[in-house]
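# Next one to model:
(chains A and B)
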Number of protein chains: 2
Amino acid sequence: MAVLKGNAVVGQAGGPTVVINQSLVGVIQEVQKHPQIETLLGARYGVRGVIDDNFIDLKRQPTEMLEIVARTPASALGATRDKPNDEYCLKIFEGFRKHNVRYFFYIGGNDSAQTANIVNKIAQREKYDLQVVHVPKTIDNDLLVTDHCPGYGSAARFVASAFIGDNLDNRSLPGVKINVLMGREAGFITAASILARRREDDGPHLIYLPERSFLLERFYEDVAAVVSKYGRCLVAVSEGIRDNEGTYWATKLAKQVEKDSFGNVQLSAGAGALGEFLAGMLKQKLPQIKRVRADTYGYLQRSFPGCTSEVDAWEARLVGQMGVSYAVGAGGKDGSVALVRLPGTSYAVGTEFVALDRVAPAKPPFTKGVPCEYISPAGNYITDKFLSYVQPLVGELPRVGWFEQINTEEIWG
Amino acid sequence: MAVLKGNAVVGQAGGPTVVINQSLVGVIQEVQKHPQIETLLGARYGVRGVIDDNFIDLKRQPTEMLEIVARTPASALGATRDKPNDEYCLKIFEGFRKHNVRYFFYIGGNDSAQTANIVNKIAQREKYDLQVVHVPKTIDNDLLVTDHCPGYGSAARFVASAFIGDNLDNRSLPGVKINVLMGREAGFITAASILARRREDDGPHLIYLPERSFLLERFYEDVAAVVSKYGRCLVAVSEGIRDNEGTYWATKLAKQVEKDSFGNVQLSAGAGALGEFLAGMLKQKLPQIKRVRADTYGYLQRSFPGCTSEVDAWEARLVGQMGVSYAVGAGGKDGSVALVRLPGTSYAVGTEFVALDRVAPAKPPFTKGVPCEYISPAGNYITDKFLSYVQPLVGELPRVGWFEQINTEEIWG
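Residues are numbered from 1 along each chain as shown, chains lettered A, B, ... in the order given. Predicted coordinates:
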């Protein structure tokens, strides 16, 4: 194939991460090196910007602003939750044809890979030369093929840091504390809470992922056992926990809230309600426990500035740069940039350009969950093997100090 | 009065902050300079440790650990929520007498100042020479006399950082986002969300404090007006908002949840429920708004490591050191260490030793709220005057970048 000359579109989609702009700036940087890419159009609010003809000229942005944007959380171009069907994708394609767009870089998760794949197939059918590249991003860490996803390391870092603080909080004022974490389908974010452990009796003491059934009776037993051992209990729960029939507890709860007469009070029964529900049930079933509290970390996990993993930021930049590099050298092949953990290194990554069909397949599984080997046999904790996987992605966490207990007898001794 | 020779007790009480151990280490450091203080006893779990004879010898802790403990969130000695009455305080006093304790440093908020005051009066009545010092700490920033409270600057920094991220999140995926923040009586923490604003259209767009009545109808109007102007709305709400009869919305909600038949679902109706409630009501009343979400920041506000205000850490150390310094030089006067903002400086603080009766008075007001001049006349926003008050306590926040919108016509020029 001859050198593909024309314009490029880059877009961002789905829930924000704190490093998604690193990938965007990676694309901008790398595009400068390839004169066959004439104008670099930033689509406002994902592919919606292509349809609405709403673009930003990314080659003409003040240079000094680029590194600041890279370190800024959430999508600088705006994002969309639209899940385009074939008709929608045809409109995107028409937008590309109108502006002689020959390169399309879409930064996002599984939905974005699917969109990229459909647009790519339309271009092939229409015999229009278009180089489509998916640049991975998701705090959920659930994309196929890639070792891990840019955005995850920083979300994991936030959660681990939060649990360090919450464990100390729970130590100073003992009781049961439940934290509900993001992850409808995959428990990677929740699993990262284990990084907070420093001492044998540190929390989290129980970790529940969507990959295992969550049974209330079992939960009460687990908590009672931890409280009787340590006098307190810190729990990490995925928002996506399900009962043994595979129904989300959050959905069950929402239905119950809807069904029951509830006066003039309208509850939205979001993730926040799940924490309140679990705390409420514990208070009822284990009345001997004095303090039971629940928090839901919510959007903080994907947008909190100042708690970014350096490795994550670096890798997010890398996949953006490599997306352009692969596009220019791919000779017409579509693809997604995957991170590869290099064997025989303490931790180093490379990238690989994999076909879109592998990342956005036509048949399930569309995403991946936490592998069995990372989950304890009892299904309420995480294995050391996961620690080796996650630690390099998160970096060094805040150090924590404590006093040595010197007994009163020794003091007066 | 002659030099008071004997042992000292230091304790920590109430909800944790990320700098409360700075004050503790400040006490430990300063005590080294005064040989008349023989043993420094760290009471485990506040004054409960005095009654249980549960102490740590703080002069014999590994030196290298002290600075690490200082930077560690939450009470290293453990804390208590006990609110001692006269009988309880008499037991504390007996514990002191038993161990020849002549100095008592109590790090905490208003309840701790009250405890310190009662114990002090018992000692006076018993003609037992005891030097009682209250060292201020509370994220709520509601103590009398002092310009501000150690612990507040870091909580404010966490909230401001979180709103920077959440505002960007809300920009990339527009909708209504409600964040419920700590502060039952005082709105200082919630008010700090205003520090997140960089651009004219940045959130938070609405800020509701416990110092003003919160009326639902007014809330719907406020949100609708912001959404029609900006296409989105970011809201900061104190957990302590009340209706126009002075009843907490959280309490009303809890009563409603308790009263209504609610199947087998037990909700705890904590602060998390308030956010879900406000989001649910908005969805019902303003169905034209597509996305409404609520988060409750919860304990993260008081325990998140790695987001500490340097000024706050420094001042927390200072009040601990000065507590000892005042105690040794006070000649029998009890007191609390207050921070004083020095006039004629951009920002510098000194300290003052004020009588316990002023910080822990017998009659209300026991605490202070956000002054009128810091709240907008409409009661749904914060004034610039508050910004000047709070900015120095929080320090420099993460920088945020954005692109210049260059219209499509200009691109294709």
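# Next one: residue A:178 from residue A:233, what distance?
Using CB to CB, to the nearest Å, residue A:178 is found at 9 Å from residue A:233. To be clear about C-beta, it is placed using only N, CA and C from the backbone, and glycine gets the same treatment.
# and the most centrally placed residue in chain A, what are its phi and psi?
Geometric centre of chain A, nearest residue: residue A:139, 0.9 Å, by CA atoms, centre = their mean. Main-chain dihedrals, residue A:139, degrees, to the nearest 10: phi -70, psi -20.
# Could you pull out the strands in the stretch 101-250 of chain A for me?
Remark: strands assigned in the stretch 101-250 of chain A by DSSP state E, counting those that start in this stretch are A:101-108, A:131-136, A:176-181, A:206-208, A:233-238.
# Go through these and name the closest to chain B.
The minimum distance between chain B and those falls on strand A:176-181, with 7.4 Å, by CB to the nearest CB.
# wait, what's in contact with the residue nearest to the centre of chain A?
Residues in contact with residue A:139 (CB atoms under 8 Å, 6 or more residues apart in numbering or on different chains) are A:15, A:17, A:149, A:151, A:152, A:154, A:155, A:182, A:189, A:301, A:302.
# and it, what pLDDT?
pLDDT, residue A:139: 97.
# distance of it from residue A:309?
Here residue A:139 is placed at a distance of 11 Å from residue A:309 (CB to CB).
# Over to residue A:242?
29 Å.
# Pick out whichever of these two has more residues nearby.
The neighbour comparison of residue A:242 against residue A:309 (other CB atoms under 10 Å in any protein chain shown) goes to residue A:309, with 27 against 20.
# Quick check: closest non-adjacent residue to the more buried one.
For residue A:309, ignoring the flanking residues on the chain, the nearest one in space by CB to CB, 6 or more residues apart in numbering or on different chains is residue A:153 at 3.8 Å.
# is it true that the one you found touches residue A:314?
No: counting by CB atoms under 8 Å, residue A:153 stays clear of residue A:314, with 9.6 Å between them.
# Who has more neighbours out of the two?
residue A:153 (30 against 14).
# So which residues of the stretch 51-200 of chain A form helices?
A:63-70, A:86-98, A:110-125, A:152-172, A:188-191 (DSSP state H, counting those that start in this stretch).
# Contacts for the third one next, please.
When you say that, I think you mean helix A:110-125. Against helix A:110-125 from outside (CB under 8 Å, 6+ apart): A:13-14, A:46-47, A:83-84, A:86, A:89-90, A:92-93, A:96, A:104, A:106, A:108, A:129-130, A:132-134, A:136-138, A:142-143, A:334, A:336, A:356-357, A:359-360, A:366-367.
# Now stretch A:97-114: buried residues?
Across stretch A:97-114, burial judged by 16 or more other CB atoms under 10 Å in any protein chain shown covers A:99, A:101-114.
# can you check stretch A:310-326 too?
Going by neighbour count (16+ other CB under 10 Å), the buried part of stretch A:310-326 is A:311-313, A:315-326.
# thinking again about what came up before, buried members of the contacts of helix A:110-125 into PyMOL, please.
Filtering these down to the buried ones (16+ other CB under 10 Å) takes a single PyMOL command:
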select buried, chain A and resi 13+14+46+47+84+89+92+93+96+104+106+108+130+132+133+134+136+137+138+142+143+334+336+356+359+360+366+367
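# and chain B, which of the contacts of helix A:110-125 contact it?
Filtering the contacts of helix A:110-125 for proximity to chain B (criterion: CB under 8 Å from any CB of the partner chain) leaves nothing.
# Low-confidence stretches in the stretch 251-400 of chain A?
Low-confidence segments of the stretch 251-400 of chain A (pLDDT under 70): A:257-271.
# and if we set it to 90?
A:251-273, A:276-277, A:280, A:290, A:329-333, A:345 (pLDDT under 90).
# all helices in it, in order from the N-terminus.
Listed in chain order, the helices of the stretch 251-400 of chain A (DSSP H, counting those that start in this stretch) span A:271-285, A:300-303, A:310-329, A:356-359, A:384-394.
# Could I get the buried residue list for the first one?
Spelled out, that is helix A:271-285. For helix A:271-285, burial by neighbour count (16+ other CB under 10 Å) applies to A:271-283, A:285.
# helices and strands around it, which ones?
Under the contact criterion of 3 or more CB pairs under 8 Å, 6 or more residues apart in numbering or on different chains; DSSP states H and E, helix A:271-285 touches strand A:176-181, helix A:216-230, strand A:233-238, helix A:249-259, strand A:292-296, helix B:271-285, strand B:292-296.
# now swap in the longest one and tell me
The contact analysis (3+ CB pairs under 8 Å, 6+ apart) places helix A:310-329 against helix A:20-31, strand A:101-108, strand A:131-136, helix A:152-172, strand A:335-341, strand A:349-354, helix A:384-394.
# Now do that helix against helix A:152-172, angle only.
Interaxial angle, helix A:310-329 versus helix A:152-172 (axes from the mean of the first three to the mean of the last three CA atoms, to 10 degrees): 170 degrees.
# Restricting to C-alpha, output helix A:310-329 in PDB.
Extracted C-alpha coordinates of helix A:310-329, given in PDB (Å, rounded to 0.1, in the frame of the first residue of the first chain):
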ATOM      1  CA  GLU A 310       3.800   7.000  37.200                       C
ATOM      2  CA  VAL A 311       4.000   3.700  35.400                       C
ATOM      3  CA  ASP A 312       0.400   4.000  34.400                       C
ATOM      4  CA  ALA A 313       1.000   7.600  33.100                       C
ATOM      5  CA  TRP A 314       4.000   6.400  31.100                       C
ATOM      6  CA  GLU A 315       2.200   3.400  29.600                       C
ATOM      7  CA  ALA A 316      -0.800   5.500  28.600                       C
ATOM      8  CA  ARG A 317       1.500   7.900  26.800                       C
ATOM      9  CA  LEU A 318       3.200   4.900  25.100                       C
ATOM     10  CA  VAL A 319       0.000   3.300  23.800                       C
ATOM     11  CA  GLY A 320      -1.000   6.700  22.200                       C
ATOM     12  CA  GLN A 321       2.400   7.100  20.600                       C
ATOM     13  CA  MET A 322       2.500   3.500  19.400                       C
ATOM     14  CA  GLY A 323      -1.100   3.800  18.000                       C
ATOM     15  CA  VAL A 324       0.100   6.300  15.500                       C
ATOM     16  CA  SER A 325       3.400   4.500  14.900                       C
ATOM     17  CA  TYR A 326       1.500   1.200  14.100                       C
ATOM     18  CA  ALA A 327      -1.000   3.100  12.000                       C
ATOM     19  CA  VAL A 328       1.600   4.600   9.800                       C
ATOM     20  CA  GLY A 329       3.500   1.400   9.400                       C
END
